[in-house]
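A.B. asks: need a 3D model of the sequence below.
(2 chains)
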Amino acid sequence: GENVEQHPSTLSVQEGDSAVIKCTYSDSASNYFPWYKQELGKRPQLIIDIRSNVGEKKDQRIAVTLNKTAKHFSLHITETQPEDSAVYFCAASRVDTGRRALTFGSGTRLQVQP
Amino acid sequence: GAGVSQSPSNKVTEKGKDVELRCDPISGHTALYWYRQSLGQGLEFLIYFQGNSAPDKSGLPSDRFSAERTGGSVSTLTIQRTQQEDSAVYLCASSFDRVGANVLTFGAGSRLTVL
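C.D. replies: Below you'll find the model as predicted:
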């Protein structure tokens, strides 16, 4: 089955700096890679996703890049703000045929220092 | 409903007792998932229901865990003879699970404490 590795486990940045979180996956058949944000005491929510037919996707201050050859993808947050502080999870799955259950990484706790 | 509803929100039980956790997905969502999140840890996949297909039970940690989804809607996760290591937040999620994307909407979770 799919295995997703995520690092770093914790990340502390100064407000205004950029943050990068990296994930690798094992199943070359995976073709859908979402990122979820979980604020303290709340449920995970999707913030951005990317499909395997594109290499990069941006949404305001966040972007995701995908390297299918190397089987890794990354989340980039620019101009970080205190409200970006949360745990971020990457995930991978297939969305065409076969098993579609998302396999999540272990999470990255991002702390943005004001 | 407007979102994914889970009950109970909190459950404290004694070791060896059975517990049932309920999930009411968003109306029309064909896929339903159960994940487990231990304190400060990641999201551990348990089971996945998709339409009328056989469920993917590959994440269930032992035969004490079972789940069913009745009428393609409400799901119940049952843990028999609970152990202290079962203490965690059990998250349910649902999605349309259409080809090309699979956006999960999570419930607020059921926090289980086994004494």
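
A.B. asks: going forward, measure contacts between C-alpha atoms and count neighbours the same way
C.D. replies: Fine.

A.B. asks: around chain A, pick out the residues from chain B.
C.D. replies: Residues of chain B found near chain A (Cα under 8 Å from any Cα of the partner chain) are B:33, B:41-45, B:48, B:56, B:97-109.

A.B. asks: give me the nearest residue to A:D27, chain neighbours excluded.
C.D. replies: Using Cα to Cα, 6 or more residues apart in numbering or on different chains and skipping residues adjacent in sequence, the residue nearest A:D27 is A:E2, 5.2 Å away.

A.B. asks: and what of B:Q41?
C.D. replies: In space, and not counting its chain neighbours, B:Q41 is closest to A:S106: 6.6 Å by Cα to Cα, 6+ apart.

A.B. asks: could you pull up the residues touching the residue in chain A positioned nearest to chain B?
C.D. replies: Going by Cα to the nearest Cα, chain B is nearest to A:S106 of chain A, at 4.4 Å. Contacts for A:S106 were tallied using Cα atoms under 8 Å, 6 or more residues apart in numbering or on different chains; they are A:V4, A:E5, A:Q6, A:S9, A:F89, B:Q41, B:G42, B:L43.

A.B. asks: all strands of chain A, in order?
C.D. replies: Ranges of strands in chain A, per DSSP state E, are A:4-7, A:10-14, A:19-25, A:32-38, A:45-51, A:56-59, A:62-67, A:72-77, A:86-92, A:103-104, A:108-113.

A.B. asks: and chain A, which of its residues are near chain B?
C.D. replies: So chain A meets chain B at A:32, A:42-46, A:51, A:89, A:95-96, A:99-107 (Cα under 8 Å from any Cα).

A.B. asks: would you mind checking the residues you listed for buried ones?
C.D. replies: Those of the residues of chain A next to chain B that meet the buried threshold are A:32, A:43-46, A:51, A:89, A:95-96, A:100-107, by 16 or more other Cα atoms under 10 Å in any protein chain shown.

A.B. asks: lovely, talk soon.
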